[in-house]
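**Q** sequence first, predicted model second:
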Amino acid sequence: MGNSSAQLRGDAKVYETLGELNIPFDYYEHPPVPTVEEASKYWTDIDAAHCKNLFFRNHKGNKHYLVVLHYQKALNIRDLEQRLKQGKISFASPERMMRYLGLTPGSVSPLGLIHDSEKHVHVFLDSKLKDFDLISFHPNLNTASLVIQFSDFVRYLRFTGNTYEFISLYD
């Protein structure tokens, strides 16, 4: 794992942060892919848990959540609402996504947490992701994927300072 940052696409702050944390990664370029379904055809030779990253807001718009789960799994939003006890949740607008994560639709990634200076976004991670040694995310741009050790990803989460928790998101 590891790459020279000279040829890497994506958010320079991602690569700076991974470098500061001494987190090695593998880098894979692909055409722009706005959905995990489209991206999956480029992941066939990448041995990692590829993630679906969903950005939500509560009904009042004063709380935001990033939900991370394996891309092949479906999220029952109503079930999540009941567990959160925050009332109705809905997908956050592109403006909110930019404000809190510095991201545009189609490029949502927990690597965007480095832009959340207020530590406002709470992260829910599917507990089954712990079963994987390697995990994959966009480097805040949907024309590449990064693969890192799951343990390094948890170190990154701690570094961001955002609150996070592992929950069972599906059976």
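**A** Received it, and whenever you're ready, just let me know what you need.
**Q** now do the buried residues in stretch 27-40.
**A** 27, 30, 33, 39 (16 or more other C-beta atoms under 10 Å). C-beta: built from backbone N, CA, C; applies to glycine.
**Q** just the C-alpha atoms of that stretch, please, in PDB.
**A** This file holds the C-alpha atoms of stretch 27-40, laid out as PDB (Å, rounded to 0.1, in the frame of the first residue of the first chain):
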ATOM      1  CA  TYR A  27      -5.400   4.100  -5.000                       C
ATOM      2  CA  TYR A  28      -7.600   3.100  -8.000                       C
ATOM      3  CA  GLU A  29      -8.800   5.400 -10.700                       C
ATOM      4  CA  HIS A  30     -12.100   4.800 -12.600                       C
ATOM      5  CA  PRO A  31     -14.600   6.900 -14.600                       C
ATOM      6  CA  PRO A  32     -16.900   9.200 -12.600                       C
ATOM      7  CA  VAL A  33     -19.400   7.000 -10.800                       C
ATOM      8  CA  PRO A  34     -22.300   8.800  -9.000                       C
ATOM      9  CA  THR A  35     -23.700   5.600  -7.500                       C
ATOM     10  CA  VAL A  36     -22.300   2.500  -5.900                       C
ATOM     11  CA  GLU A  37     -24.200   0.400  -8.400                       C
ATOM     12  CA  GLU A  38     -22.200   2.100 -11.200                       C
ATOM     13  CA  ALA A  39     -19.000   2.000  -9.300                       C
ATOM     14  CA  SER A  40     -19.200  -1.700  -8.500                       C
END
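**Q** looking at the chain, which helix or strand is least sure?
**A** Using mean pLDDT, DSSP states H and E, helix 36-39 stands out as the lowest-scoring helix or strand of the chain, at a mean of 78.
**Q** distance from the chain centre to that helix, please.
**A** 14 Å (C-alpha atoms, centre = their mean, to the nearest Å).
**Q** what does that helix rub up against?
**A** Identification of contacts with helix 36-39 by C-beta atoms under 8 Å, 6 or more residues apart in numbering yields 30, 33, 50, 51, 52, 71, 142, 145.
**Q** could you redo the last one with a cut-off of 10 Å?
**A** 30-33, 43, 50-53, 70-72, 106, 136, 138, 142, 145 (C-beta atoms under 10 Å, 6 or more residues apart in numbering).
**Q** again, but for stretch 7-18
**A** 2-5, 23-25, 27, 29, 102-103, 107, 109, 111-115, 137-146, 148, 152, 156, 159-160.
**Q** strands paired with the next helix or strand after the least confident helix or strand of the chain, and their directions?
**A** For helix 36-39, the succeeding helix or strand toward the C-terminus, using DSSP states H and E, is strand 49-58. With DSSP bridges as the test, strand 49-58 is paired with strand 64-70 (antiparallel), strand 89-91 (antiparallel), strand 134-137 (parallel).
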